[in-house]
Every structure is written in structure tokens, then in C-alpha cells.
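> Structure, please.
(one chain, ligands or ions: 2)
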Amino acid sequence: MPLNFVQSSTVFWAEKIMRKSLANNLVITPVKEEVKRKAKPGHTYMLYIHVPFCHTFCSYCSFHKFYYNEEKALQYFSFVRHELRKVKEQGYDFETLYVGGGTTLINEPELIKTLEYAKSLFSIKEVSCESDPNHIAPGSLRRFRGLIDRLSIGVQSFDDGILKRIGRHEKFGSGEEIQEKLLRIGGVLPTTSIDLIFNFPGQTEEIVLRDVITAQALDIDQITTYPLMQSNLMKKSISKAFDSQKSDNEYRFFELIRGAMNQYRPINGWAFSRQEEQLSDEYVGSHSEYVGVGSGSFSFLDGTLHVNAFDLDQYMQKIANEESAVIASCAFTPKQRVQYQFMTSLFDGVVHIDTFNQTLHTNLERTMNKEIAMLKLAGAIDVSNGMIVPTEFGAYVSLVLMREFYTGMDQVRAMFRPQAALEKIVNL
Ligand SMILES: C[S@@+](CC[C@H](N)C(=O)[O-])C[C@H]1O[C@@H](n2cnc3c(N)ncnc32)[C@H](O)[C@@H]1O
Ligand code: SF4
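Ligands and ions are numbered 1, 2, ... in the order given. I've put the predicted structure just below:
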């Protein structure tokens, strides 16, 4: 069903508020003094490691990456391990590690060494790692047994037309070839997940449905369906790839996907799971505080967002000098922290009001009374028994908020990326 007037206005309002809030409040300024991080005893954090290399670039992707160079990558991984040691010295411990990219498995021996090292330093129990269809041969993945618990593979679409347009058909194979690769890895690692993207310009309902049905038939543990995010940075290359940047079917496709994912249950605004207990996909959503290691990674600690150096040489130099890799920061006000945490909790499917208030030392219903009243009025949330739960429409609103948040983070990446690297991405 199309959005009614109240629902469309709510979506418009949510987008506007998020854009305004990011523009006004996400003011990230270069740090003047070295950032000295220190863990709070007994506190839970999540660890993120970034691997910023790819062999080729895809037209929609603005993640921080450079073209692969083996020599640089070897140096880089060794500096990442060095940074991990520094994090340990700062008193941090982690049970959860998320490795993202770029192409995380681009140099398998180095990744193995880094994962083993991280596990030797910290109490890590769960490791999630991104990958792509070229790095999932069962023989290779077996080497990661005991090191990776959840592998999330970027498929994006099984449709050859779309794969060609986004520059992945040649690189990763046709939709059918990708399916064959995925069928071979069943049971190699504890949990396998695939990423799909919907709302590409010109994408039809048939293509979206076929993607979702194909994904479910592969018996994959989790499926994440991201709405296409078009930051200002990527608009040009997306419209060049599709001869258009118009993609206004987001809600229709969202509904279609939720309806068609009948063998799976939603675990957050855009991820679905076949199993009861699952490792979560969104490190931003599920872990309020995290430490980012590696070039271009973000940390969120004590209400402050920190940005590690994007320039590879600068990053490596800083670590070699035993300095912090953080080059810029942005402190959230208590109200912004509440808003951010409310958004991520809603996206995860429930806000437990008492726990929320205790963790953030706030009174959620007072701090966000206007927003909560608006969402209630629009039928986006139900408030009862001390919990705030998004309705089906509310799940879409939380997806819109998250999409805007991620798009805003792209602007941050654009601000700090070395100019040459930025031009390579924008001019694809
Ligand atoms: C950083 S990528 C790494 C995945 C891996 N390198 C690959 O190519 O398969 C992680 C996921 O982010 C998602 N992603 C990247 N850019 C996106 C965009 N503009 N809109 C929506 N999702 C995006 C894709 O689904 C992708 O699989
Ligand atoms: S989506 Fe493409 S460009 Fe982005 S990280 Fe994966 S391979 Fe690299």
C-alpha cells in the first residue's frame, strides 16, 4: 500500500530532521591535541578494524578504500596490529570484533595474522567479517575456521543487468555464478550472510522479488537488504552507471521485501535471519560504544565521535610515532546522544525505556517528548509495558533515519579523504 498523507509527512519530517541535525551538529573538527583514550573499567565496547583496499571500485560505493598495492597492504596490516597493541595498553577489552572494508580478505595471510593477534590480546568471542564473491572459495574460508564466526558477503543483486551497471559482473561473475559460489560454502563457517541493495535506478519489482527469492533459496543464515544510499559524493557515478539517479521506489520495495522474506524474520530495519540467535549485522546499531582501528575508521566513545587518519601514509606515520591515529573529533551533546541512541535502538527493534534511561542518565520520554508524540501520532511506534516498539511503518521510518545517518557519514568521509583518493571514487 502506498504511504498515506500522514505517513509521507512523517518520512519527510524524519529525513529533514536527520539532515538538519547532521548538518548542524556533526561538526567534526581537527584535533589540536593528541586524543588520549582510556577504557572505563567494566564497560563493554565493540572493536572495528578497517581494511581499505580493493582491486577495483564499484560505482555506488563510497567506503574508504585505495587500489590494492601488496607492499602497502603488508605495511598497513602490520601498523593495524601495532594500533591494536596500543588499544590494549589503553585498557580496552572486547568480546565482539567487526572487520569491514574495502576488501577484507584481499590478503588472507595478513588478515589471519591480524585476527589471531586480536584474539590473543582481547577476550574476543564473536568475529564478523565482510567479504565479496571472489574471496569465498571453501578452501580459503576453511583457514578462517575458529577466526571468523560470521561472514557477510556483498552480492548486491543476482540480476546480470544490474551487476553489469555497477561494475560487478566482470569482477565477481554473473548472478548464476555467484549463486554457485554461495552454494559451495554452506557449513564452512558458523554463520553466512549476504548483502543485497534495492532501489537502484530503473530496478523493477520483478528484479527485487527475484533477488529476495533467490537469496532465500540459497539457505543463507542472514540476508541484509540495504536501500541504495546516494550521498552527494556518489550521485554522479550512480547516475552515470544507470543513465539516471531517480530511484523513488524505496517504500514500495521495502514493503515488497518484508512480505517476500517469509522464511526469515527481521532482526533490524534491514537485516533478516533464519536462525533464532544471531550475531548482529550493525555494529553501529547494536553497540553504543566502539573503538575503530585502521585508516579511516570511526570510534564512538563517551559521547564523542573520533575519526582516524584517512591518508595511509599519515595513518602509518602516526602509529609509527606511537601517536594516536585520531585526526578529528566531534563531541555530541547529551541530547544528541539520546537522539542517536534512540534511533539505533528503534532500528534494532525495541527501546527498553528503563535500561535506556539508566545507561544514558536521562528521561527519554521527557527529552524526546516531541519526537515520541509525533511518531505515536503517525502510527510509527507503540509505547507499552516500558517499551517502545516500531510498527511496520515505524521500521521503515527507522530505516530512513539510518539511511540518512549513513549518507551523512559519507560527507564526513569526503571531508577527510585525501583529494587524489576522492577523485578516483567520484570520477568512476
Ligand atoms: C563496504 S561494502 C564491503 C563489501 C565487499 N567489499 C563487496 O564488495 O562485496 C559492505 C556493504 O555495504 C553496502 N553498500 C555499499 N555502498 C552502498 C550504497 N551506496 N548503498 C547501499 N549499500 C551500500 C553493500 O551492500 C556492501 O556489500
Ligand atoms: S563494494 Fe566494491 S568498492 Fe566497495 S568495498 Fe566492496 S569491492 Fe570495494
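> got the residues of the stretch 1-150 of the chain near ligand 2?
Selection of the stretch 1-150 of the chain residues close to ligand 2 by C-beta under 6 Å from any ligand atom yields 54, 57-58, 61, 63, 65, 101-103, 132. Just so you know, the C-beta spots here come from the backbone N, C-alpha and C atoms, and that holds for glycine as well.
> Filtering these by proximity to ligand 1, which remain?
Of the entries in those, the ones placed beside ligand 1 under the rule of C-beta under 6 Å from any ligand atom are 61, 63, 101, 103, 132.
> In JSON lines, list these along with distance to residue 322 and neighbour count.
Written out in JSON lines, the entries for these read as follows (distance: C-beta to C-beta, whole Å; neighbours: other C-beta atoms under 10 Å):
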{"residue": "61", "distance to residue 322": "33", "neighbour count": "22"}
{"residue": "63", "distance to residue 322": "28", "neighbour count": "17"}
{"residue": "101", "distance to residue 322": "26", "neighbour count": "23"}
{"residue": "103", "distance to residue 322": "29", "neighbour count": "21"}
{"residue": "132", "distance to residue 322": "34", "neighbour count": "24"}
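> so where is this structure shaky, pLDDT-wise?
Screening the chain residue by residue with the criterion pLDDT under 70, one finds the ranges 245, 275-287, 418-428.
> Look through the stretch 251-400 of the chain and state the residue closest to ligand 2.
Ranked by C-beta to the nearest ligand atom, the top residue of the stretch 251-400 of the chain for proximity to ligand 2 is residue 296, at 11.9 Å.
> Just the ones next to ligand 1 among the residues of the stretch 1-150 of the chain next to ligand 2: which are in strands?
residue 101 (DSSP state E).
> Tell me which two of the ones next to ligand 1 among the residues of the stretch 1-150 of the chain next to ligand 2 sit farthest apart.
Using C-beta to C-beta, those reach their maximum pairwise distance at 63 and 132, which is 11.9 Å.
> close enough to count as contact, residue 141 and residue 189?
Yes - counting by C-beta atoms under 8 Å, residue 141 sits close enough to residue 189 to count as a contact (5.9 Å).
> Could you tell me which residues touch both of the two?
Shared contacts of residue 141 and residue 189 (C-beta atoms under 8 Å, 6 or more residues apart in numbering): 148, 151.
> Tally up the residues packed near residue 30, please.
Around residue 30 there are 10 other residues, counting by other C-beta atoms under 10 Å.
> okay but it is in contact with residue 328, surely?
Yes - taking contact to mean C-beta under 8 Å, the distance of 4.9 Å between residue 30 and residue 328 places them in contact.
> how long is stretch 378-392 from one end to the other?
Start-to-end span of stretch 378-392 (C-alpha to C-alpha, to the nearest Å) is 12 Å.
> Which secondary structure state does residue 323 sit in?
When classified by DSSP: H, G, I helix; E, B strand; the rest coil, residue 323 comes out as coil.
> Now it: closest residue in space that isn't a chain neighbour?
Take residue 323 and drop its neighbours on the chain: the residue closest to it by C-beta to C-beta, 6 or more residues apart in numbering is residue 34, 5.9 Å away.
> Now do the phi/psi pair for the one you found.
phi -60, psi 130 (degrees, to the nearest 10).
> got the contact list for it?
Taking C-beta under 8 Å, 6+ apart as the definition of contact, the neighbours of residue 34 are 323-324, 326.
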